[in-house]
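> Output the structure for:
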Amino acid sequence: MSTLRRLLADLIGTTFVGAVLACLVLAGWALWSGGILDGPIAREVRASSVYVAPGIDLDRPAAERIIGNRRLVVLLMASGDDLRAACAQTTRAASGTLVLAVSRAGPEWDTYGCSRFPQRDNRDLGRAMVMETTISRGIDAFVDQPLEALKVVTLNYDLLVRAGTVPDGARTVSPSLPRYLLAGAAVGGVVTGATVLWLIGRRAGRLADARQARRAGYADGRAALTAATAALAQQIVDLDQRFGGRSGADARPAYLRLASDYTQLLDEVTAVPATDETAVRRLRGQVDTLSRRASRLADEPTARDRRLGRDRRRGGSRSRR
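The predicted model follows:
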């Protein structure tokens, strides 16, 4: 019995020690992959598309809405910062994206681009060079308007996607919280803790996927609202050529009311956040209503058209006489 007891004790002890060592290794891997050694830039861009250096004035939520879910990361650094070193900090945190670091350099932007897409051969290397040199074109005209410069950057990115230089698709962000939980529970729980944590991690992954899908839906709704507003603006411009520059009978009250309503609506469209689905749907309905009013107004004849019609009818009557 004593021999059997010693064998069981040795087996249990060996198994326990092996499990503890395995959990320690797993804990170290989880902490490292979760970014415990990351710098401030890497920690920020691991789950965000924009990094703003301390002291830089930028509306970060607006910047993130401009980039959306593109595979694009922008680092707005302070003047004099080492852009190449800043870009190097995003190697693992922004994997699978195109990174652009910018800073003010007098009357223009100082830029440095770095591709985080896989490079398997010389063709991928050439594509990376094209991405890095093209992504910052045209932004020097907006050195005092960083959000407008960011819009130019996203336009360059979309052109690269259409050309096939940048792979199409949305950026996916892996949540790091389950890995930290896994590291803490593995040491204390071994089997039970690891099982519970696996369930928690699976649940967190599903929530992250659902949240990413909601963000994509928000971006699509906002894009549809912006497109409808732009189409309405073109209708207003077309109507302005008929009514806007006229006075007296031709200054149609309906057109003036339409232009006033559009101006008020544009302020609301600019201020509404993409995450407010109710407000976006309400504004989309108002845009559609104004668009129908503009279409009806475009179909109506102006006072000049009516005068010309009367003149034609009078001329026809005289010719018959």
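
> Show me the domain layout of the protein.
Structural domains of the chain, as assigned by automatic domain parsing, span the residue ranges 40-162, 213-320.

> rank these by pLDDT, which is bottom?
For the domains of the chain, the bottom mean pLDDT is recorded on domain 213-320, which sits at a mean of 68.

> Of the domains of the chain, which stretch is the most buried?
Using mean count of other C-beta atoms under 10 Å, the stretch among the domains of the chain with the greatest mean number of neighbours is domain 40-162 (a mean of 17). C-betas here are computed from N, CA, C, even on glycine.

> Can you give me the end-to-end span of that domain?
End-to-end distance for domain 40-162: 33 Å, by C-alpha to C-alpha, to the nearest Å.

> Residue 168 is nearest to which of the domains of the chain?
domain 40-162 (5.3 Å; C-beta to C-beta).

> secondary structure element for residue 261?
If you go by DSSP states H and E, residue 261 is part of helix 253-271.

> Kindly export that helix (C-alpha atoms) in CSV.
Provided in CSV are the C-alpha atoms of helix 253-271 (Å, rounded to 0.1, in the frame of the first residue of the first chain):
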residue,chain,number,x,y,z
PRO,A,253,-41.3,81.0,-52.1
ALA,A,254,-41.2,77.2,-52.3
TYR,A,255,-37.6,77.3,-53.4
LEU,A,256,-36.6,79.7,-50.6
ARG,A,257,-38.3,77.5,-48.0
LEU,A,258,-36.6,74.4,-49.5
ALA,A,259,-33.2,76.1,-49.3
SER,A,260,-33.8,77.2,-45.7
ASP,A,261,-34.9,73.7,-44.6
TYR,A,262,-31.9,72.2,-46.3
THR,A,263,-29.6,74.6,-44.5
GLN,A,264,-31.1,73.7,-41.1
LEU,A,265,-31.0,70.0,-41.9
LEU,A,266,-27.4,70.1,-43.0
ASP,A,267,-26.3,71.3,-39.5
GLU,A,268,-28.1,68.3,-38.0
VAL,A,269,-26.6,65.8,-40.5
THR,A,270,-23.1,67.2,-39.7
ALA,A,271,-23.5,66.9,-35.9
